[in-house]
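Enquirer: based on what follows, work out the 3D shape:
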Amino acid sequence: MFKFIYVILMNLFRAPYMIPKMRYEADHPDKFSEEERYRLVKHAITLMMKSGKITTKSYGEENLPKDQGYVMYPNHQGKYDALGIIISHREPCSFVMDKAKSNTILVSEFVDLLQGKRLEKDNVRQGMQIILEVSEDVKKGMKYILFPEGGYEFNNQNKVCDFKAGSFKCAVRAKAPIVPVALIDSYKVFNTFHLGSITTQVHFLKPLYYEDYKDLKTKEIADLVKQRIEEKIEEVLGKPAMD
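Expert: The predicted structure follows:
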């Protein structure tokens, strides 16, 4: 939490330039390509990482499916999670996030630049609409980040909580590849009281293609993806990724 405030304060002098630029590009997707808007987001994240002494190492980019849309399902540790994945992901991608948390300054610009989806957690009808929209986007080749835990604990300690089966309906409906993503030490960036240098890890694991999961129920898919992420975290850290 302290580092989050510190990073914001360290970048305040950039706000009069960066925020309007981000807002303008977000509001004019007809003038700025998806690649251009993605580069601007990554530039903003890079500035935050430098001022916050944050390093993110990524692994397994070769596992990402080529020439098609897919949905990435990471474990959830804190405010930095999506940023760590985006800075590690070469091609443009988008994400789904809690609408209640999506309208603050900078966050709103990130969401709109990447044409992200704002999910109303207590609105079942709107949630179904988001599933349909993401499914159609993925069919067209878009890549999405979707956090199946739905939330996170402060000072997460690399624990992985249960995955919600409903979050996998997007990929199933689109018959798209499911990419498990293991995040390690991401919680240390903005969701602890740590102020020193921090290194996080993003591991893109081997995907589940439609043929791999078509006969599974969404609960079974959720459990399988969670298991693979836990196994990777345990492999890297040498200890279980849960209590």
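Enquirer: next, count neighbours for the nearest residue to residue 120 once chain neighbours are set aside.
Expert: If the residues on either side of it in the chain are set aside, residue 120 comes closest to residue 126, at 4.6 Å by C-beta to C-beta, 6 or more residues apart in numbering. For the C-beta atoms, the positions are set from N, CA and C on the backbone; glycine is no exception. Per other C-beta atoms under 10 Å, the neighbour tally for residue 126 reads 15.
Enquirer: same thing with residue 83?
Expert: So residue 83, with other C-beta under 10 Å, has 23 neighbours.
Enquirer: surely it and residue 44 touch.
Expert: No - using C-beta atoms under 8 Å, residue 83 is not in contact with residue 44, being 9.1 Å away.
Enquirer: which strands or helices does the helix or strand where residue 236 lies pack on?
Expert: Per DSSP states H and E, residue 236 falls inside helix 218-237. When contacts are defined as 3 or more C-beta pairs under 8 Å, 6 or more residues apart in numbering; DSSP states H and E, helix 218-237 sits against helix 169-174, strand 178-184, strand 198-204.
Enquirer: now the last one against strand 178-184, angle please.
Expert: Strand 198-204 and strand 178-184 are oriented at 160 degrees to each other (axes from the mean of the first three to the mean of the last three C-alpha atoms, to 10 degrees).
Enquirer: what does strand 198-204 rub up against?
Expert: Residues from elsewhere that reach strand 198-204, judged by C-beta atoms under 8 Å, 6 or more residues apart in numbering: 3, 52-61, 63-64, 72, 80, 84-85, 88, 179, 181-186, 188-189, 232, 236.
Enquirer: with that, I have no additional questions.
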